[in-house]
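> A predicted structure for the sequence below; I have some questions about it.
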Amino acid sequence: MKVYHQIWAILMLYPVFSGVCRGSEYDVDYVQYAEVGDNVTLVCPGEFPSNDELHGVKWHRGKFDQILEYSKSSQRLKYIGSSDKYIVAEKPTQKISVLNVSKEYEGIYTCEVTKYLDLNNPTIYVPKSSKIKLRLVELPRNPPIITGVRPRYIIGEEVKAECLSEVSKPQSTIEWWINDAAVSPDMVTNRTTFHSTLRFNVSEHHLHGYEQDDMILKCSVKIKDGHKEVYWKTSIEEVKVSLHPSHPSIRGYLPAMFSGLASATTGPNLLTFLGLQCVVLATTSFALSVF
């Protein structure tokens, strides 16, 4: 039995995606993901004014908590309150870094940029605000684990496989695959966010698409935040399938039988050969399928 762990897609801890996402407080321009303890860079979205056009930049956390201010006229970068303990920025503060992220730093960050409307009249300037949601996630540290699978099965036998994953935030979903096909929902029981059971009887169609007598069981754990998929890991179990205990493989037995037919001569020898084949088929109690 071979066991594989495949990482199809792993959380990019700092993805930025366009469009408007629903924040818990108000609409935001994008969502930034991080794990506790990370250093995260927040970038003021959109087109940033040129140095000539820029008047100033302010950053807020939440609705009213101002944490940073930059004024072009004074060339001063000012930290508000204790924000200098966890915020790092460089002039002109188009982006800031939140250090050693913890739960208290999660939430909405607002970047307010003001630029001169008319370069010939520096007393007139307009503000533009953009919002970023910093969201903490707790990801499984290890791939899912598949248990209860034997190295070999016979056609008709029941497979009962368990898939276990670590608890995560947001909650994960577990999906099963046999070879490259998603399983039917009625084959899955005990479904939770960290545990799932797959039960089915092995049949010949489970082997389609593979040259050997292999059946591939896959357990995938996915984590989504809204419509955004932020994490995906898959574990794989490979098992062998036989028609009967006395025949180690399907593809090893059937070709041998047809090879005998091709080499048989006409007359009594052929009839004897065919009769022996019928006896074999009867005693092994399986139906020959042509595929």
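Perfect, I can see it now.
> hang on, residue 48 is in a helix, isn't it?
No. Applying DSSP: H, G, I helix; E, B strand; the rest coil, one finds residue 48 to be coil, outside a helix.
> Report pLDDT for residue 224.
Residue 224 is assigned a pLDDT of 82 by the prediction.
> is it true that it touches residue 175?
No. Using CB atoms under 8 Å, residue 224 and residue 175 do not qualify as a contacting pair, with a distance of 11.9 Å. To be clear about C-beta, it is placed using only N, CA and C from the backbone, and glycine gets the same treatment.
> How about the contacts made by the closest residue to residue 87 other than its chain neighbours?
In this structure, residue 87 finds its nearest non-sequential neighbour in residue 96, 5.5 Å apart by CB to CB, 6 or more residues apart in numbering. Shown in contact with residue 96 (CB atoms under 8 Å, 6 or more residues apart in numbering): 41-42, 59, 68, 87-89, 109.
> ok, residue 76 - how many residues close by?
Residues within reach of residue 76, counting by other CB atoms under 10 Å, total 11.
> can you tell me which helix or strand residue 220 belongs to?
Using DSSP states H and E, residue 220 sits within strand 214-225.
> Partner strands of the following helix or strand past that strand and their direction?
Sequence-wise, the next helix or strand downstream of strand 214-225 (DSSP H and E) is strand 228-242. Looking at strand 228-242 with DSSP bridges, its partner strands are strand 2-9 (antiparallel), strand 152-154 (parallel), strand 214-225 (antiparallel).
> Which residue ranges make up the domains of this protein?
21-136, 139-242 (automatic domain parsing).
> Next, give phi and psi for the closest residue to residue 225 other than its chain neighbours.
Using CB to CB, 6+ apart and skipping the chain neighbours, the partner closest in space to residue 225 is residue 170 (5.4 Å). Backbone torsions for residue 170, taken as degrees, to the nearest 10, come to phi -60, psi 170.
> Endpoints of stretch 74-85, how far apart?
Using CA to CA, to the nearest Å, one end of stretch 74-85 lies 23 Å from the other.
> Show me which positions of that stretch end up buried.
By neighbour count on 16 or more other CB atoms under 10 Å, the buried set for stretch 74-85 is 77, 79-80, 83.
> Quick check: strands, which of those are part of them?
Per DSSP state E, strands hold the following members of the buried residues of stretch 74-85: 77, 79.
> bridging residues for the residue nearest to residue 145 when sequence neighbours are not counted?
For residue 145, ignoring the flanking residues on the chain, the nearest one in space by CB to CB, 6+ apart is residue 164 at 4.8 Å. Applying DSSP bridges to residue 164 gives these bridge partners: residue 145, residue 195.
> Looking at the buried residues of stretch 74-85, which is nearest residue 157?
Nearest to residue 157 among those, counting by CB to CB, is residue 83 at 63.3 Å.
> rewinding a little: and the strands paired with strand 228-242, which one is worst for confidence?
Sorting the strands paired with strand 228-242 by mean pLDDT places strand 2-9 lowest, at a mean of 45.
> Just the helices from this structure, written as ranges.
250-263, 268-284 (DSSP state H).
> Comparing the ones you listed by mean pLDDT, which bottoms out?
Within these, confidence is poorest for helix 268-284, with a mean of 36 (mean pLDDT).
> OK, contacts around residue 200?
158-159, 178, 183, 187 are the contacts of residue 200 under CB under 8 Å, 6+ apart.
> middle-most residue in the chain, spatially?
Most central in the chain under CA atoms, centre = their mean is residue 232, positioned 1.7 Å from the mean C-alpha point.
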